[in-house]
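Asker: fold the following.
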Amino acid sequence: MSLVRWDPFRELEEVSGRLNRLFNQPLARRMADDEGTLFADWAPAVDVQETDGEYLIKADLPEVKKEDVTVEIQDGMLSVRGERRQEKEEKGKKFHRVERAYGRFERRLAVPQEVDAQKVAAEFKDGVLKVHLPKSATAKPKTIDVKVS
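Answerer: I've put the predicted structure just below:
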């Protein structure tokens with residue numbers, strides 16, 4: 001065992017970093033599903049983009065398998081559920097630090113009324129889930145020529 005000189009400022013920085021991570025994350029959510037299991041207190045980061053024809057939602061899901069993700073649209077809400085499984089310690093392999101969140105997650109977003117729910121599509125590639133929410137034909141703006149007399 002080696003002696004390490006105590007540095008109170010290093011410990012203060014570590015506590016400050018922990019507090020910053022705590023306050024920058026959403027509060028822990030305890031939500032039970034049909035089986036009564038609880039969801040973890042983390043949710044994937046998402047980007048929401050809009051074009052003339054659709055809304056595009058991108059969710060970061062690194063190291064999550066496609067079969068562990070469920071995308072559902074119901075009653076004007078888009079739900080992305082899944083689970084990121086934690087590696088187990090094996091013989092000859094040990095973890096010195098684990099900072100990433102693991103476990104079940106659910107992310108819910110309200111869907112605008114002009115989305116055509118029958119044409120929603122999702123794709124999963126390179127750890128990014130893309131959900132395409134096409135706008136219905138009635139929602140697209142129509143230009144009307146005004147005649148001057």
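
Asker: which residues does the nearest residue in space to residue 129 that is not next to it in sequence bridge with?
Answerer: Sequence neighbours aside, residue 59 is the residue nearest to residue 129 in space, at 4.4 Å (criterion: C-beta to C-beta, 6 or more residues apart in numbering). From N, CA and C alone the C-beta is placed, and that goes for glycine too. Here residue 59 sits in beta bridges with residue 46, residue 129, going by DSSP bridges.

Asker: which residues touch residue 59?
Answerer: By C-beta atoms under 8 Å, 6 or more residues apart in numbering, residue 59 lies in contact with 44-46, 80, 107, 128-129, 131.

Asker: now with 6 Å, please.
Answerer: 44, 46, 80, 129 (C-beta atoms under 6 Å, 6 or more residues apart in numbering).

Asker: now do the same for it: its pLDDT.
Answerer: For residue 59, the pLDDT comes out at 95.

Asker: repeat that for residue 50.
Answerer: With respect to pLDDT, residue 50 has a value of 93.

Asker: with the one 3 residues further on instead?
Answerer: As predicted, residue 53 sits at a pLDDT of 91.

Asker: pLDDT weak spots in the protein?
Answerer: Scanning the chain with the threshold set as pLDDT under 70 gives 1-2, 24-41, 139-141.

Asker: and for the residue sitting nearest the centre point of the chain, nearest residue in space, chain neighbours not counted?
Answerer: Nearest to the geometric centre of the chain sits residue 44, at 2.2 Å (C-alpha atoms, centre = their mean). Using C-beta to C-beta, 6+ apart and skipping the chain neighbours, the partner closest in space to residue 44 is residue 59 (4.6 Å).

Asker: lovely, talk soon.
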